[in-house]
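A.B. asks: have a look at this prediction, sequence included:
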Amino acid sequence: MQPVSQIEGRAIPLGRKNVDTDVIIPAHWLKTITREGLGRGAFETIRKEPNNLFDDPRFAGAPILIAGDNFGCGSSREHAAWALLDLGITCVIAPSFSDIFAGNAFKNGILAIALPQEAIDRLLEVAQTDPIAVDLEHQTVTTPFQDRFVFAIDPFRKQCLAEGLDEIGLTLARDTAIGDYEKRQRRDLPWLARGTGQAA
């Protein structure tokens, strides 16, 4: 997982409420066994609309998506986070998120920022013409026009995102402690090791 520090660039001003995971990545894309290529199916139904934002050259490669209330509702499919990443989106800003989507986003290195609707409205306006900057360390979203919005984030999630630690990375970071525990267990409780192929 790539560390998250500062994210700056154009933001896709979607602004729609209740965008569910089936809109983010339709079910017929879930047959894949790899995360790569899911960006092609991301927001497929919206992309069928004329003059849609996702195929607008102004927002090509945009790392930020600005959405409406209850973003990521629907199913628990982790593919939604994978599709966003494959599309190049590493930050989603909305008034609120589905809990499951927010968890999946965090576990895949996507920063999900909840801001009041007034802030979202202003960011949607700015995103039409100018870039937006996100600073995880200082927990701010800023614009070239001196707008500054402070967001809250769980300290543990902030640390994991900043250090690029997913669940595997967190486990590997405790490798020495885990190894020491296993050595003590084999020494103090040798009968537990019997039948596991480990020497007592």
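C.D. replies: Everything's here; your move.
A.B. asks: just name the shakiest helix or strand of this protein by mean pLDDT.
C.D. replies: The helix or strand of the chain with the lowest confidence, counting by mean pLDDT, DSSP states H and E, is helix 167-173 at a mean of 66.
A.B. asks: quick one: residues contacting F149.
C.D. replies: F149 makes contacts with L115, A119, R122, L123, T140, V141, T142, as judged by Cβ atoms under 8 Å, 6 or more residues apart in numbering. No exception for glycine: its C-beta is placed from N, CA and C like everyone else's.
A.B. asks: show me what contacts the second one?
C.D. replies: Yep, that's A119 we're talking about. V141, F149.
A.B. asks: roughly how far is the helix or strand harbouring it from the heart of the chain?
C.D. replies: Secondary structure assignment for A119, by DSSP states H and E: helix 117-127. Here helix 117-127 is found 20 Å from its chain centre; the criterion is Cα atoms, centre = their mean, to the nearest Å.
A.B. asks: any idea which helix or strand comes after that helix?
C.D. replies: Heading C-terminal from helix 117-127 (DSSP H and E), you reach strand 132-135.
A.B. asks: the nearest residue to R122 once chain neighbours are set aside: neighbour count?
C.D. replies: Among residues not flanking R122 along the chain, D147 sits closest, at 5.9 Å (Cβ to Cβ, 6 or more residues apart in numbering). By the criterion of other Cβ atoms under 10 Å, D147 has 15 neighbours.
A.B. asks: the longest helix in the protein is where?
C.D. replies: Identified as the longest helix of the chain according to DSSP state H is helix 175-188.
A.B. asks: quick one: average pLDDT of that helix?
C.D. replies: Across helix 175-188, the average pLDDT comes to 80.
A.B. asks: spatially central residue for this protein, please.
C.D. replies: Geometric centre of the chain, nearest residue: I110, 2.0 Å, by Cα atoms, centre = their mean.
A.B. asks: give me phi/psi at it?
C.D. replies: Backbone geometry at I110, expressed as degrees, to the nearest 10, gives phi -100, psi 130.
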